[in-house]
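Student: test case, fold it:
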Amino acid sequence: MQLMRRLIALGLFAAVATQAAVVYKWTDANGVVHFSDQPAPGAEKVITSSGDATTNSATTPAAVEAAAQAAPKPAAPKPPKPTEAMPYTLIAIISPSAQQTFINEPIGVHLALEPNLVEGHTITWYLNGAPLTDQSPQAEQFVLHDIGRGSYTISATITDPETGQTMSSAPVTFYVHQPSQLSPQHHNNN
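Tutor: Got it, this is the predicted structure:
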């Protein structure tokens with residue numbers, strides 16, 4: 001099919017070789033080369049044969065086809081390098097447990113991983129959606145101190161910086177209560 005198109009284009013081109021045609025050539029944002037008998041922004045003017053450089057509408061389609069066939073084709077993009085899936089079969093927060101309540105005490109946080117953290121991978125911890133920047137990127141466990149009363153959601157994301165792949169734990173919601181100043185244990189019995 002390609003050969004047939006080239007032969008037809010060359011035959012038409014040879015039939016009108018005494019007249020020159022002006023063709024405009026440009027490359028779009030995707031790297032595709034275009035040819036036209038009408039100028040386009042950034043187009044390069046190409047004369048398809050020697051002689052007078054006037055455009056003849058009878059020769060332009062053949063000239064455009066011939067120029068298109070002769071133009072080098074852009075290289076096909078390389079397929080992305082296949083990457084292996086993240087190796088973890090388990091990534092879960094085992095402490096605190098879901099819906100656990102803490103009253104005026106430190107909160108131990110622990111991530112269970114199977115297999116162990118791969119060298120080069122990093123862990124980012126999130127508390128209520130904000131990253132905990134004071135934790136080591138390899139910290140699988142740590143303690144939260146003095147966070148105010150309220151409802152909190154914690155999660156962890158493991159990242160392979162080389163491939164950009166990530167894997168996240170399910171979020172765990174827990175609660176922190178502080179004893180009230182009005183509670184009976186704070187009153188002096190005089």
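
Student: which neighbours does the lengthiest strand in the chain have in its sheet, and in what orientation?
Tutor: Across the chain, the longest stretch assigned as strand under DSSP state E is strand 150-159. Here strand 150-159 is paired, per DSSP bridges, with strand 122-127 (antiparallel), strand 166-168 (antiparallel), strand 172-177 (antiparallel).

Student: would CSV of those strands with mean neighbour count, distance to residue 141 and mean pLDDT be doable?
Tutor: Using the backbone N, CA and C atoms, a C-beta is placed for each residue, glycine as well. CSV is the format used below for the strands paired with strand 150-159 (neighbours: other Cβ atoms under 10 Å; distance: least, Cβ to Cβ, whole Å; pLDDT from 0 to 100):
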stretch, mean neighbour count, distance to residue 141, mean pLDDT
strand 122-127, 18, 10, 95
strand 166-168, 14, 17, 94
strand 172-177, 16, 14, 94
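
Student: okay if I get those strands as CSV plus distance to residue 159?
Tutor: Conversion of the strands paired with strand 150-159 to CSV gives the following (distance: least, Cβ to Cβ, whole Å):
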stretch, distance to residue 159
strand 122-127, 5
strand 166-168, 5
strand 172-177, 19
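
Student: buried sites along the longest strand of the chain?
Tutor: Using 16 or more other Cβ atoms under 10 Å as the test for burial, strand 150-159 gives 152, 154-156, 158-159.

Student: about what we covered before: for residue 88, which of the strands paired with strand 150-159 is the nearest?
Tutor: Residue 88 lies closest, by Cβ to Cβ, to one member of these: strand 166-168, at 5.7 Å.

Student: related to what we said a few turns ago, of all the buried residues of strand 150-159, which two lie farthest apart?
Tutor: Checking those with Cβ to Cβ, the most distant pair is 152 and 159, at 22.4 Å.
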